[in-house]
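J.: Here is a sequence together with a model predicted from it:
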Amino acid sequence: MADTSVAHAHETTAIHQDNGSAWEGAKEPFKASYGKLMMWYFLLSDAFTFAGFLIAYGALRFSTPTWPEADFVFSSFPFVEGHLPLIFVTLMTFILIFSSVTMVRAVQEGHRENKNGVVFWMFLTILGGATFLGCQAYEWTTLIAKEHMTVSENPFSRHIADGIYLNPDSSEARNPDGTLKTFAKGDNYLLHKHDGKFDIPLVKYTSGEYAGQIMEAGLGPKAFGALFFFITGFHGFHVFSGVVFLTIIMINAASGLYVARRNGYEMVEKIGLYWHFVDLVWVFVFLVFYLL
Amino acid sequence: MAGHQTYEEQKALVFRGLLILGVITIVEVLIALLAKGHLISGIKFSEGFGHYLYMLLMVAFSLYKAYFIVFYFMHMAYEVRGLVLSVLLPTVLLIWAIIAFFQEGDSWGKRRELIRQKNEEVVKPAPNRPQGLYQLPRTIEYPLTKS
């Protein structure tokens, strides 16, 4: 047993010596360069991180009796009054798709060793990434400064049953035309903040397990705000890092560094993989937060 | 790496990609707005069977977008089999993670009332239990010698 294994070891050493430089890395595993392969495995591990966050979102969402509806929460648009559900986030998605497409073009020009093409398309990609970050800044600002959502307080929620609104003295609240102020199960509401305190209305449910009881229609599930800021923030941080690295690599490309390397602008290809991954993650963030 | 396609074919792929991703996104948003009753008043499928169909459709569209990005934009379609499998197979584990954690979350949701009761429960010691039963008698001395 020992003899054969020694013989086998000799054999493999001999094979490697025959190939000359297999141990020195001349033969690429999976016909991909070390850097590209490691970028793939980094992205795989990053995918698991994001999957962990999104699965946590799912688990917490399943565990609460109510959850805010995306088309109610995300319905603001710069310089436009009123509700425009999901339109702004669709715009953000398009910006990211465009910047992904320009990135593909940059990689293609790199394969042709076309320096100016690489720099031009990378510049457009950076512009797209920066615009996306700007949009996210607007979205966050609206949620934090205007609607008062934080990681620990979430003013968005939905009614868990049918019912009517009450005045602070427990009498029935009425509309100006004298009819009762009613709501249905699943109706969205946003609590407003005055002088640092949320106005929490009293309600009386007319259906469900709390029928007949007077209760407060309070703040929504805390986890919603925390998950939203944490997950979109983590994605935004990826976009930000991507923009930084894209800028560095664009400057390197413009300076002619990669012309000297003669490897088809492999650095551009690697940052391209990362950038597409950021777009890929957005597909799922978009699905989980805005569509489902 | 780039030898598999002509330059013209590559450029065509880019615009096909833009078209596919763009159209799917628009269709997704339109279906979402329709499902939540924003497009046609009175039509809404946010409960029951319609809702499940809607979620299935959205997941399917998103998975197709993901497939397109990974295989064509990230060139996975042109990599060797070993690389493709070593990156894609581990993600299969996520299917189990999704099933397990969603099940867990659902269970928390169902036991919410029980969890609240247990959190508020005041635990009193049993009336007849002799005090100090679970304390070690002071007389015990541990051997301090070491071999």
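T.: Received the coordinates, thanks. Note that this is a predicted model, so its numbers are computed, not measured.
J.: If you average pLDDT per helix and strand, which one of chain B comes out bottom?
T.: Ranking every helix and strand in chain B by mean pLDDT, DSSP states H and E puts helix B:112-120 at the bottom, with a mean of 87.
J.: just how off-centre is the host helix or strand of A:F284 within its chain?
T.: Assigned by DSSP states H and E, A:F284 belongs to helix A:266-285. Distance, stretch centre to chain centre, for helix A:266-285: 13 Å (Cα atoms, centre = their mean, to the nearest Å).
J.: out of all of them, which helix in chain B is the longest?
T.: Across chain B, the longest stretch assigned as helix under DSSP state H is helix B:7-35.
J.: That one vs helix A:266-285, what angle?
T.: Using axes from the mean of the first three to the mean of the last three Cα atoms, to 10 degrees, the direction of helix B:7-35 lies 20 degrees away from that of helix A:266-285.
J.: Show me what helix B:7-35 is packed against.
T.: Contacts defined by 3 or more Cβ pairs under 8 Å, 6 or more residues apart in numbering or on different chains; DSSP states H and E place helix B:7-35 against helix A:87-111, helix B:48-68. In short, each C-beta sits where N, CA and C put it, glycine included.
J.: just to revisit the earlier point, convert the helix holding A:F284 to PDB, retaining C-alpha atoms only.
T.: Coordinates of each C-alpha in helix A:266-285 appear next as PDB, following Å, rounded to 0.1, in the frame of the first residue of the first chain:
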ATOM      1  CA  GLU A 266      -8.700  41.600 -18.200                       C
ATOM      2  CA  MET A 267      -9.000  44.100 -15.300                       C
ATOM      3  CA  VAL A 268     -12.000  45.600 -17.100                       C
ATOM      4  CA  GLU A 269     -13.500  42.100 -17.500                       C
ATOM      5  CA  LYS A 270     -13.100  41.400 -13.800                       C
ATOM      6  CA  ILE A 271     -14.700  44.700 -12.600                       C
ATOM      7  CA  GLY A 272     -17.300  44.000 -15.300                       C
ATOM      8  CA  LEU A 273     -18.200  40.700 -13.600                       C
ATOM      9  CA  TYR A 274     -18.600  42.500 -10.300                       C
ATOM     10  CA  TRP A 275     -20.700  45.200 -11.900                       C
ATOM     11  CA  HIS A 276     -23.100  42.700 -13.500                       C
ATOM     12  CA  PHE A 277     -23.400  41.000 -10.100                       C
ATOM     13  CA  VAL A 278     -24.500  44.300  -8.600                       C
ATOM     14  CA  ASP A 279     -27.200  44.400 -11.300                       C
ATOM     15  CA  LEU A 280     -28.000  40.800 -10.600                       C
ATOM     16  CA  VAL A 281     -28.500  41.400  -6.900                       C
ATOM     17  CA  TRP A 282     -30.800  44.400  -7.700                       C
ATOM     18  CA  VAL A 283     -33.000  42.000  -9.800                       C
ATOM     19  CA  PHE A 284     -33.700  40.200  -6.500                       C
ATOM     20  CA  VAL A 285     -33.900  43.200  -4.300                       C
END
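J.: So which residue is smack in the middle of chain B?
T.: B:I98 (4.9 Å; Cα atoms, centre = their mean).
J.: Need the contact partners of the least confident helix or strand of chain B.
T.: A:63, A:65, B:108 (Cβ atoms under 8 Å, 6 or more residues apart in numbering or on different chains).
J.: which of those residues has the most neighbours?
T.: Greatest neighbour count in the contacts of helix B:112-120, by other Cβ atoms under 10 Å in any protein chain shown, goes to A:S63: 21 neighbours.
J.: On the pLDDT front, check A:Q17 for me.
T.: For A:Q17, the pLDDT comes out at 46.
J.: ok, A:A32 touching B:E79?
T.: Yes. Counting by Cβ atoms under 8 Å, A:A32 does reach B:E79; the two are 6.6 Å apart.
J.: more crowded one of those two?
T.: Legend: neighbour count by other Cβ under 10 Å for A:A32 and B:E79, higher for B:E79 (21 against 17).
J.: what's the distance between that one and A:F94?
T.: 28 Å (Cβ to Cβ, to the nearest Å).
J.: before we move on, what about A:T125?
T.: 14 Å.
J.: Between these two, which is the more surrounded one?
T.: Neighbour count, other Cβ under 10 Å: between A:T125 and A:F94, A:T125 has more, with 27 against 17.
J.: Report the contact partners of that one.
T.: If you count contacts by Cβ under 8 Å, 6+ apart, then A:T125 has A:99, A:102-103, A:106, A:246, A:275 around it.
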